[in-house]
Structure formats: C-alpha cells, structure tokens
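J.: here is my input; please provide its structure:
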Amino acid sequence: MSLPPLVEPADELTVDEVRRYSRHLIIPDVGMSGQKRLKNAKVLVVGAGGLGSPALLYLAAAGVGTLGIVDFDEVDESNLQRQVIHGQGDLGKSKAQSAKESIAETNPHVEVILHEVHLDTSNVLEIFENYDLILDGTDNFATRYMVNDAAVLLGKPYVWGSIFRFDGQVSVFWDAYGPNYRDLYPEPPPPGMVPSCAEGGVLGVLCASIGSIMVNEAIKLITGIGDPLLGRLMIYDALEMTWRTVKVRKDPDAKPITELIDYEAFCGAVSEEAQAAAADSTITAPELKSMMDSGQEFTLVDVREPHEYEIVRIPGSVLIPKGEFLSGEAFEKLPQNKRLVLHCKSGGRSAEALAAAKGAGFTDAVHVGGGVLAWANQVDPSLPTY
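T.: The predicted structure is shown next:
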C-alpha cells in the first residue's frame, strides 16, 4: 500500500548538499523533492546498539536532517562485534555520544539530538512527540510494547526490527493506516521462553542486513515512494539465505490503546514462581566464594547452555541446562544429600530453575544473584565476560 509522504520538503538544498546527495537526486523517484523531504525529516532511533548502529549511519548518509538517539548505555568490548558505529577508542564512552561523533564523520550536515535516559512511561511520549518517525531497534519485549503504544497514542509511524542468532524480522507499524505491534504479538511470550541476544547471541553482520532494511523503509515513508512493509512482516534467515513475507492484519477484536501501562509487569521478565523462589534463596558471588573456602558441602550447577559453559565457568560447577530442570530430567542427576546451588549468566535463568528445584523437593536450594558475570566482576576479574 503506497502512502503519502510523511514530511514536507525543506526549502532548498545547498550546493554542498547537492554534491553529496547527487546519486539520490538522479533517481527519478527521489529527486530534489525526495531529498528535501529527507533533509526536513526528524527521525528518532531507539537504541544505538546492534540495529541502531547501521541504521544511524545510513540515515545520516542518506541526508536525514535531524536524528535523535535514545540510549543510556556505555560502549562495552562485547558490543564491537556488531555495533559498527562504535570503535575501540569508544570503550567506556556513552553509546549516544559515540554514535553522535561517528555521525558527524559520516555527514556533518545532520543535527543529532541525544536522549541519554532510560526510556520509560514518564518520558516516552515527550521524547517521541518531536519526531516524525521512530525506528525501534530494542531487544526486549517491555520496551517494544511501550514504543508501540506511545506511537499509537501519538499517531506516529514506526519501523521495527528484531534479530536473534541468524534470524531477523522487519515491519512497519502505523495504526492510522494498518496494524500495530500488538496485532502481530497480542501477548508477550512466557517469561524465560525467548532468550535475549545477550543469552542466545547474534551473528554480527545480521545487524547490517536488518538495520539497512529498516532504513530503506524509513526513506520510503519519509519520501512517499514505494510500498512500505505496512501490514507485512519480512522474515530473513541468514543461514538458508531466504527472505519471505507474511501478512499482518489488524485484529478487529483488539482493545484500543488508550494509555501507557506497567510494561515490566505486563511482560514479566521473570515468572512469579521464579521471583517467589528467589525471594529468600539468593546468595551473592562473594558468599559463594566463602562457602567454597570454608569447605561446605554443596552441588554447584550451571544452568546455561553448553556453548556458554565453554566460554567461562565457575570452578567446580557442573553443567545441567535450565531446560532439563523445567522438564524434570535434571533431578535424576543430582545427589539428594547435598545442598543445591544454581547459577546462570546473570540470574534470570537460574531463578527459573530454582523454582523447579524447590517444587521437586530441593527446599534448601539457592541461586547466585548476578550469575557468572557477578563472579567474574566481584571474585575473579581474570575471567572473561560475554
């Protein structure tokens, strides 16, 4: 479905801008009018990470006049495998500031506005209000639902992208003309069902594939050319090298979005059972070290996946993935006469396994808050993190 241009053209392009964007200007569908619309456009990118990195660079290169960046994180070494807007010299720097500096090198004609805040219900409407278009490159369901609801309430379109391991998805949502994110995903998945990229990993170059498609859709919306992915979900499989699209329709029975809600509670990052199990059964990494040093008898179980166990492990731990706790297979492998201590990468999966263990009769079981990351940071800094 073709849509009217999202943005009115700017008054003019400078001589320098004409030279810079000449390859756009000689495309009849873009031309001077389309490039002036790009110059006049204000686009907000939520997240300067895996998807935000290529998206910001290509939006800037395309000549989008104003770019907003929402990110409160700092550049970490593990980011550099895929977040190409940052470099070695940016480690420890604000991601938003690092992105702004890279954009200035790519195109000094672009104005960059930084929002170095945690996006939440108290500020999302105020931040979104000043932009024509939103690009959502976040990696958690709570923020995705919030972005969607805020865009619906403000009547703004947004481009959504998602990546995991070798798979990517892209769509355009605009409630005024078609479906929104809740029509695609009416309910979030059960807690712990879908691992994040930090848990499951992502092929670095996949970010470029999906991020560039997001920018392609943004340019089409701004200039009013082509057929945007409104009402369609594009699915990419990098291993099979296939692209396919499926239709997304508005749910006629969906309740209208009238307000922002508590998105953390709605998505439930950790199940209520896991929260209850961990409430009085959580120890710290230094406490685990003290238990080891004092010679206490216990079984330390790592509930991550085998490929994670190969990267880094706590000495003395044995590997039994979380799935075996949830299926019950794990309990045949565990001694009944020793206290059970569980850990994962950061604490979420071990809390889920802990709930299953307590339900199976391991009433004195505990888990390590912060997991192997806390162990590396607080006990043995020589260990790698991921």
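
J.: phi, psi of residue 244?
T.: Here is the backbone geometry of residue 244 (degrees, to the nearest 10): phi -140, psi 160.

J.: neighbours of the closest residue to residue 218 other than its chain neighbours, how many?
T.: What sits nearest to residue 218 in space, not counting adjacent residues and going by C-beta to C-beta, 6 or more residues apart in numbering, is residue 159, at 5.5 Å. For the C-beta atoms, the positions are set from N, CA and C on the backbone; glycine is no exception. By other C-beta atoms under 10 Å, 29 other residues sit near residue 159.

J.: doesn't residue 159 lie inside a strand?
T.: Yes. Counting by DSSP: H, G, I helix; E, B strand; the rest coil, residue 159 is located in a strand.

J.: just for the stretch 51-200 of the chain, where's the confidence low?
T.: Across the stretch 51-200 of the chain, the ranges flagged by pLDDT under 70 are 191-198.

J.: for the stretch 151-300 of the chain, just list every one of the strands.
T.: 158-164, 167-173, 232-237, 242-247, 282-283, 298-302 (DSSP state E, counting those that start in this stretch).

J.: just checking, what packs against the shortest one?
T.: Translated: strand 282-283. With contacts taken as 3 or more C-beta pairs under 8 Å, 6 or more residues apart in numbering; DSSP states H and E, strand 282-283 sits against strand 366-368.

J.: roughly how far is the strand it packs on from the heart of the chain?
T.: Taking C-alpha atoms, centre = their mean, to the nearest Å, one finds strand 366-368 lying 27 Å from the centre of the chain it belongs to.

J.: pairing partners for that strand, with directions?
T.: strand 282-283 (parallel), strand 339-343 (parallel) (DSSP bridges).

J.: can you pull the contacts of the closest residue in space to residue 204 that isn't next to it in sequence?
T.: With sequence-adjacent residues excluded and distances taken as C-beta to C-beta, 6+ apart, residue 204 is closest to residue 82, at 3.7 Å. Contacts for residue 82 (C-beta atoms under 8 Å, 6 or more residues apart in numbering) come out as 50, 53, 202, 203, 204, 205, 206, 207.

J.: so what's the third one up against?
T.: Which is residue 202. 50, 82, 163, 164, 165.

J.: for it, list each beta-bridge partner.
T.: On the basis of DSSP bridges, residue 202 is bridged to residue 165.

J.: that one and residue 293: what is the separation?
T.: Per C-beta to C-beta, to the nearest Å, residue 202 is found 38 Å from residue 293.

J.: go on, the fifth one?
T.: For residue 204, the distance to residue 293 (C-beta to C-beta) stands at 40 Å.
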